[in-house]
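*Asks:* everything below, folded, please.
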Amino acid sequence: MARKKIREYDSKRLVKEHFKRLSGKELPIRSVQINQTTDLNELVEKEPWLSSEKLVVKPDMLFGKRGKSGLVALKLDFAEAATFVKERLGKEVEMSGCKGPITTFIVEPFVPHNEEYYLNVVSDRLGCSISFSECGGIEIEENWDKVKTIFLPTGASLTPEICAPLVATLPLEIKAEIDEFIQSHFHLFQDLDFTFLEMNPFTLVDGRPYPLDMRGELDDTAAFKNFKKWGDIEFPMPFGRVMSPTESFIHGLDEKTSASLKFTVLNPKGRIWTMVAGGGASVIYADTVCSLKESLLRESLHFFSLTSPSNSKIFLEPSFYFVFKSSRSLTKFLENSCSCKS
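*Replies:* I've put the predicted structure just below:
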């Protein structure tokens, strides 16, 4: 399983598109994505609600605590939302020690609410953990002792009896609705091969659950069977991580071939380069290098599994060019490459 984060916009798009198919009920989620290529005039024509409702604007960049960092704007009209985006689009921010530019925003209707609930499903090797709290929102970490969690082994079904501890303290008038919502949420989680799906918070609109903030991760090894369900899905780089031209080129090759081609620069000033055939071998070799106290000098994580000589040439040429730009890397690269063959 490979857990890949997706943008909040895509998480909500997938939930909206498939919730009705799986549960028979519709979630009236509305959201749009804005980046540097977005034509705002065309966007308003396509989504007229943008010009008639108060809006929420926030970065959609795979980092949390946006509200606490002053990056969420509430109750804006569209002109104010456009100004908010333009003032911050492309600007560098620092979140949890990582710096990077804000390139993507999500814009949604502002939903007045009083209640904020927390719901999360996360999978691991043995099953799934389902967590729920009546105290969701930006203070969830401070109220973590109020989060209830159940564990569902792989292959088991989520029944009302198993779900009961999560909703035991809810008022009777909303208990059945939220209980059904949790079960539908889990069914969708499994059907779309999510590995992590969090709503923090969701609220109630006219007595029906409505997600306000969402985070999702997909098992990208399931893409072959979900390409129709997922649609035009994007797996962005982690915030603060920017591919070099060589990394981007090899990543593009990897997506277009049945071979496995990986190249990640860990330290551009490093002196140790490895080229190992096979993902497992590359990890073992990297651990060995680091155990010899040379981790600060290590340059790249670099492995391949090729299908033909032509693939080898296309993959190796840009890799060698990147390595040999720095002549001090040459000796270490050759030593490591030769030792891998023995």
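
*Asks:* using the three-state scheme, assign the closest residue to Leu253 other than its chain neighbours.
*Replies:* Counting by C-beta to C-beta, 6 or more residues apart in numbering, Leu261 is the residue found nearest to Leu253 once chain neighbours are left out, at 5.1 Å. Heads up, the C-betas are built off the backbone N, CA and C, glycines and all. Of the three states, Leu261 takes strand under DSSP: H, G, I helix; E, B strand; the rest coil.

*Asks:* quick check: beta-bridge partners of Leu261?
*Replies:* Phe304 (DSSP bridges).

*Asks:* need the pLDDT of it.
*Replies:* pLDDT for Leu261: 75.

*Asks:* surely it and Asp254 touch.
*Replies:* Yes. Judged on C-beta atoms under 8 Å, Leu261 makes contact with Asp254 at a distance of 4.3 Å.

*Asks:* remind me which residues of this structure are low pLDDT?
*Replies:* Where the chain drops to pLDDT under 70, the residues are 1, 240, 269-282, 292-342.

*Asks:* domain map for it?
*Replies:* 3-28+113-230, 32-109, 245-341 (automatic domain parsing).

*Asks:* quick check: end-to-end length of the longest one?
*Replies:* The stretch domain 3-28+113-230 measures 15 Å between its terminal residues, going by C-alpha to C-alpha, to the nearest Å.

*Asks:* ok, stretch 40-55 next?
*Replies:* 14 Å.

*Asks:* over to stretch 48-66?
*Replies:* Stretch 48-66 has an end-to-end distance of 26 Å (C-alpha to C-alpha).

*Asks:* can you pull out the helices in the stretch 151-300 of the chain?
*Replies:* Using DSSP state H, counting those that start in this stretch, the helices found in the stretch 151-300 of the chain span residues 160-167, 172-191, 223-230, 245-255, 279-289.

*Asks:* so can I have TSV of these showing distance to Val147 and mean neighbour count?
*Replies:* Formatted as TSV, those follow (distance: least, C-beta to C-beta, whole Å; neighbours: other C-beta atoms under 10 Å):
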stretch	distance to Val147	mean neighbour count
helix 160-167	10	15
helix 172-191	13	18
helix 223-230	29	13
helix 245-255	37	15
helix 279-289	34	15
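
*Asks:* contact partners for Pro171?
*Replies:* Going by C-beta atoms under 8 Å, 6 or more residues apart in numbering, Pro171 touches no other residue.

*Asks:* what does Val242 give?
*Replies:* By C-beta under 8 Å, 6+ apart, the contact list for Val242 reads Gly100.

*Asks:* please tell me how far it sits from Lys229.
*Replies:* As for Val242, its distance to Lys229 is 30 Å (criterion: C-beta to C-beta, to the nearest Å).

*Asks:* again with Met237
*Replies:* In terms of C-beta to C-beta, Met237 sits 23 Å off from Lys229.

*Asks:* Arg21 too?
*Replies:* 9 Å.

*Asks:* ok, now Lys16?
*Replies:* Taking C-beta to C-beta as the measure, Lys16 falls 13 Å from Lys229.
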